[in-house]
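Got a predicted structure plus its sequence, pasted below:
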Amino acid sequence: FADADTIAEWASKYIMALSKEGYMNGKSNPDGTLTFDSQSYITRQEAMHVFAKLIEKASSEISELEFSDKDSVQEWALESVKRVVSAGIVTGFDDGTIRADAPVTRAQMCTMFTRLWDIR
């Protein structure tokens, strides 16, 4: 990663392990570099993209999204979001939204991990 010198030493081995396995690959920049951006928050759709990679072989049925803000899901994340929603890892909010660009909270991550364990 072009920003490897900004990654905390305690986190670098974990980041490299996930990157090596293809679960988290950083961000492509307009100048062609790849950064990890370790100090930024992860969005809900970015988290769902990682979770989709974890269940990719376990889930087969993928349904269309029915959230009122489904158009906010970026094209690169659409299949991943569909996969984790279809698997029941993410259910959205009571108001019928998915909030793809919102930062994911610790509580939401714990919920996603628990649901992941239930289907694996």
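Sure, I can see it. Numbers count the residues shown, from 1 in each chain.

quick one: the closest residue to P103 other than its chain neighbours from D101, how far?
Nearest in space to P103, with sequence neighbours left out and distances taken as Cβ to Cβ, 6 or more residues apart in numbering, is Y41 at 4.0 Å. Placement of C-beta: from N, CA and C, glycine included. Y41 is 11 Å from D101, where distance means Cβ to Cβ, to the nearest Å.

which one of these two has more residues nearby?
D101 (14 against 10; other Cβ atoms under 10 Å).

mind checking the backbone torsions on the residue nearest to that one when sequence neighbours are not counted?
In this structure, D101 finds its nearest non-sequential neighbour in T43, 5.4 Å apart by Cβ to Cβ, 6+ apart. Torsion angles at T43 (phi, psi; degrees, to the nearest 10) stand at phi -80, psi 170.

Report pLDDT for T43.
Predicted confidence (pLDDT) for T43: 93.

Tell me, how many residues neighbour the residue lying closest to K70 once chain neighbours are set aside?
If the residues on either side of it in the chain are set aside, K70 comes closest to I98, at 6.5 Å by Cβ to Cβ, 6+ apart. Counted with other Cβ under 10 Å, residues neighbouring I98 total 23.

L116: what's its closest spatial neighbour, skipping adjacent residues?
I89 (5.7 Å).

residues touching that neighbour, list them.
By Cβ atoms under 8 Å, 6 or more residues apart in numbering, the contact list for I89 reads M48, F51, I55, M112, R115, L116, I119.

Give me the buried subset of those.
The neighbour-count criterion (16 or more other Cβ atoms under 10 Å) marks M48, F51, I55, M112, R115, L116 among the contacts of I89 as buried.

hmm, back to that, which one of the contacts of I89 is nearest to M24?
Distance to M24, by Cβ to Cβ, is smallest for F51 among these, at 11.3 Å.
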